[in-house]
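Q: kindly return the folded structure for what I paste below:
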Amino acid sequence: MPSNLPKSFSRPFLKIFHILEAVLLVSITLATLYAMMQEFVHVFVEKRVLLTDILLMFIYLEVLAMVQQFVMNGKIPVRYPIYIAMMAIARYITLGMKELDAVLVVWLSLAAFIL
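A: Next comes the predicted model:
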């Protein structure tokens, strides 16, 4: 639907919106890179790599891929948030395997399967 706003109003608004969008994308990228570096330091200090660490790295990688897709194409394919959700569910199950009851594990597995 075309906008009925005058061009003198919509152009500055769109310019501000694009600047804000770029600032937020850079912020998301920097925050993700910082979190990745913290995880690398954690693995280095602990001197062991756990499955949960690897799954967390995949989540960070998917966030960076999602930002890249948005910058290159101006849109985010639906599969990237789905990948992130699947990795988060897998990590949650892996972290809490001993504390989770069987019914919750089944529901979480079903949620990952549906995604």
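
Q: so how far is stretch 53-70 from its chain's centroid?
A: 6 Å (Cα atoms, centre = their mean, to the nearest Å).

Q: and that stretch, which residues are buried?
A: Neighbour-count burial for stretch 53-70, counted by 16 or more other Cβ atoms under 10 Å, picks out 53, 55-60, 62-63, 65-67, 70. Glycine gets a C-beta too; all of them are placed from N, C-alpha and C.

Q: and for stretch 75-84?
A: Tyr80, Tyr83, Ile84.

Q: contacting residues around the spatially closest residue to the first one that is not a sequence neighbour?
A: The shortest distance from Tyr80 to any non-neighbouring residue, by Cβ to Cβ, 6 or more residues apart in numbering, is to Met66 (4.1 Å). Listed by Cβ atoms under 8 Å, 6 or more residues apart in numbering, the contact set of Met66 reads Ile76, Tyr80, Pro81, Ile84.

Q: for Leu33, phi and psi?
A: The phi/psi pair for Leu33 (degrees, to the nearest 10) reads phi -60, psi -40.

Q: show me the contacts for the closest residue to it other than its chain neighbours.
A: Nearest residue to Leu33, sequence neighbours excluded (Cβ to Cβ, 6+ apart): Leu64, at 7.7 Å. Residues in contact with Leu64 (Cβ under 8 Å, 6+ apart) are Thr29, Thr32, Leu33.

Q: what about the first one, neighbour count?
A: Thr29 has 15 neighbouring residues, counting by other Cβ atoms under 10 Å.

Q: distance check, it against Ala35.
A: 11 Å (Cβ to Cβ, to the nearest Å).

Q: on the three-state scheme, Lys75 is what?
A: Look at Lys75: counting by DSSP: H, G, I helix; E, B strand; the rest coil, its state is coil.

Q: per-residue confidence at the residue lying closest to it once chain neighbours are set aside?
A: For Lys75, ignoring the flanking residues on the chain, the nearest one in space by Cβ to Cβ, 6+ apart is Gln69 at 7.5 Å. Gln69 carries a pLDDT value of 91.

Q: thank you, goodbye.
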